[in-house]
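> the sequence isn't on hand, but the structure is:
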């Protein structure tokens, strides 16, 4: 991997604005983007209809997809920004499904052992950007983008995920971390807010380049 090539990732709950910010930062810094394969996921629509039946299949698909992305990033020659990380799958989404009774202990243990094996083969991002957003902000953005399969998502589900995100970020120690408050930072519609984020990212990466 090129000594100047870096791995940046954006973490955040459903609707936090990860894809939009990934696109904006990639355009400004001339980075490549690895998007989450949400629309290509063959299990996602079924999962929202019957979470218990499809939870394990969904999480395995995401884990495999994210692992392949990271391998490409680490062996590539360009700086890449990734929309959601493999750590969120394992520390937030899968354990949340298990806690809600939607994934059995047997399936979760199997899943997590696979994640642990995979995580030993990859490096963490040089910079993790966490988009912190309240439930009203998430709901508003989910509504605005109008994905049909997300219409049946419960507030309780989003709230549980948010709590897990906060717990995970509190203990995150794998590398540099930049937290953006998505409730008060409108990088989607306000160029000056995006400019502030770009300045913060520049500051975090200054010591890397």
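Cool, the structure landed. Note that the coordinates shown come from a computational prediction; the quantities given were computed from them, not determined experimentally.
> what sits against the residue nearest the centre of the chain?
Nearest to the mean C-alpha position of the chain, counting by CA atoms, centre = their mean, stands residue 84 at 2.1 Å. Neighbour list for residue 84: 9-12, 18, 36, 66 [criterion: CB atoms under 8 Å, 6 or more residues apart in numbering]. C-beta here means a position set from N, CA and C on the backbone, and glycine is covered the same way.
> from these, which land in helices?
18, 66 (DSSP state H).
> mind checking which of the contacts of residue 84 land in strands?
Residues of these located in strands (DSSP state E): 9-12.
> now the strands for this structure?
For the chain, the strands defined by DSSP E cover 7-12, 32-34, 80-83, 127-132, 176-181.
> that older thread, give me the buried subset of the ones in strands among the contacts of residue 84.
Buried members of the ones in strands among the contacts of residue 84, scored by 16 or more other CB atoms under 10 Å, are 9-12.
> picking that back up, measure the residue nearest to the centre of the chain to residue 69 for me?
Here residue 84 is placed at a distance of 9 Å from residue 69 (CB to CB, to the nearest Å).
> where are the low-confidence patches of the protein?
Applying pLDDT under 70 to the chain picks out residues 1-5, 37-38, 146, 148-152, 207-209.
> swap the cut-off to 50 and go again
1-3, 209 (pLDDT under 50).
> residue 33 against residue 21, yeah?
No - look at residue 33 against residue 21 with CB atoms under 8 Å: they stay out of range, at 10.3 Å.
> the more surrounded of those two?
Neighbours per residue (other CB atoms under 10 Å) separate residue 33 from residue 21, with residue 21 holding more: 24 against 16.
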